[in-house]
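A.B. asks: turn this into a structure:
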Amino acid sequence: MTNYITLNNHFYQQIAPHFAKTRNSSWSGWETWWQSVSSLLPDNPTVLDLACGNLRLKKFLDKKLKTYSYLGVDSCLELLQLSNEDSRFFQHLDLLTPLAKNKSFVPEIKQPANDLICCFGFLHHLLDKKLQLSFLKETLKLLDDHGFLVLTFWQPLQDKNLAQRAKHLRDNNYLLDWRAGTTAVRYCHNFTPETIAQLLSELPVKVVLSYQADGSTHNLNHYLILQKLLD
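C.D. replies: Got it, this is the predicted structure:
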């Protein structure tokens with residue numbers, strides 16, 4: 001398991017400057033979740049951005065919120081530094097390696113209670129259901145009881161070009177190349193409505209909103225807005 005995590009971590013280190021150039025703006029699907037949760041957030045909300053990359057979510061929220069507390073977390077220091085943001089807004093931390101060793105990343109997070117947690121463009125790097133569930137359950141521990149968790153589940157096979165380039169490994173897992181500025185490969189999981197439903201059935205959450213957006217086909221990402229089920 002750690003082999004594919006190591007490869008994916010190396011992938012982002014290798015392509016960081018090229019990747020950052022393609023991630024300077026928000027995805028079209030972001031406006032939908034924002035419209036859904038914005039009026040329900042408290043004043044000066046705390047926001048945790050897991051797998052934040054170059055902190056483009058912060059740039060999006062800077063235009064939406066007058067005051068808020070933000071922390072972005074990512075394993076790729078190169079991408080964090082390319083954000084040109086003050087280091088107080090980000091934390092360099094590998095989220096997956098501890099989970100692969102049955103350890104929690106929660107105690108390491110500097111912002112432990114959050115009104116909004118976002119995780120975009122990351123879950124497809126978790127190839128097996130056990131690790132996906134473990135990550136999501138740990139993430140819920142960082143969410144306030146009345147907070148919102150917003151996730152994307154990548155569906156690269158919806159794009160004909162990506163589907164042709166993807167090398168099938170097993171189940172819904174693929175090896176997919178990168179061709180912008182340099183060449184590299186990463187492991188990816190292609191989510192389907194069935195696999196997403198299976199994950200939800202094992203999580204103590206309720207679905208606030210579910211929709212698809214992004215890409216030329218407008219369905220490259222499946223978005224979920226979740227809240228905890230309270231006793």
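
A.B. asks: run the chain-centre distance for stretch 88-101.
C.D. replies: Offset of stretch 88-101 from its chain centre (Cα atoms, centre = their mean, to the nearest Å): 13 Å.

A.B. asks: strand partners of the host helix or strand of G147, parallel vs antiparallel please.
C.D. replies: Per DSSP states H and E: G147 is located in strand 143-154. According to DSSP bridges, strand 143-154 forms sheet pairs with strand 114-119 (parallel), strand 221-228 (antiparallel).

A.B. asks: output the below-cut-off pLDDT ranges for this structure.
C.D. replies: For the chain, applying pLDDT under 70 flags the ranges 1-2.

A.B. asks: helices along that one, start to end?
C.D. replies: Listed in chain order, the helices of the chain (DSSP state H) span 2-21, 30-37, 56-62, 77-82, 96-100, 129-140, 160-165, 193-200.

A.B. asks: and the last one, what's buried?
C.D. replies: When burial is assessed from 16 or more other Cβ atoms under 10 Å, helix 193-200 yields the following buried residues: 195-196, 199. Where you see a C-beta, it was placed from the backbone N, CA and C, and this is true even at glycine.

A.B. asks: same deal with the third one?
C.D. replies: Within helix 56-62, the residues that qualify as buried by neighbour count (16+ other Cβ under 10 Å) are 56-58, 60-61.

A.B. asks: excluding chain neighbours, what is closest to C76?
C.D. replies: Sequence neighbours aside, Y12 is the residue nearest to C76 in space, at 4.2 Å (criterion: Cβ to Cβ, 6 or more residues apart in numbering).

A.B. asks: I'd like the distance between the one you found and Y211.
C.D. replies: 27 Å (Cβ to Cβ, to the nearest Å).

A.B. asks: try Q227
C.D. replies: Applying Cβ to Cβ to Q227 and Y211 gives a distance of 16 Å.

A.B. asks: got it, and A163?
C.D. replies: 22 Å.

A.B. asks: coming back round to it: can I get the buried residues of helix 193-200 in CSV with distance to T6?
C.D. replies: Formatted as CSV, the buried residues of helix 193-200 follow (distance: Cβ to Cβ, whole Å):
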residue, distance to T6
T195, 24
I196, 26
L199, 24
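
A.B. asks: and of those residues, the nearest to D145?
C.D. replies: L199 (21.0 Å; Cβ to Cβ).

A.B. asks: in this structure the closest one contacts L133, no?
C.D. replies: Yes: with contacts counted by Cβ atoms under 8 Å, L199 reaches L133, the gap being 6.4 Å.

A.B. asks: out of the strands paired with strand 143-154, which is the most enclosed?
C.D. replies: Among the strands paired with strand 143-154, ranked by average contacts under mean count of other Cβ atoms under 10 Å, first place goes to strand 114-119 (a mean of 24).

A.B. asks: dump that one to PDB, restricted to CA.
C.D. replies: Output of strand 114-119 as PDB, limited to C-alpha atoms (Å, rounded to 0.1, in the frame of the first residue of the first chain):
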ATOM      1  CA  ASN A 114     -13.700  23.300  12.000                       C
ATOM      2  CA  ASP A 115     -17.000  24.700  10.700                       C
ATOM      3  CA  LEU A 116     -16.100  23.800   7.100                       C
ATOM      4  CA  ILE A 117     -13.800  21.100   5.900                       C
ATOM      5  CA  CYS A 118     -13.100  20.800   2.200                       C
ATOM      6  CA  CYS A 119     -11.200  18.000   0.400                       C
END
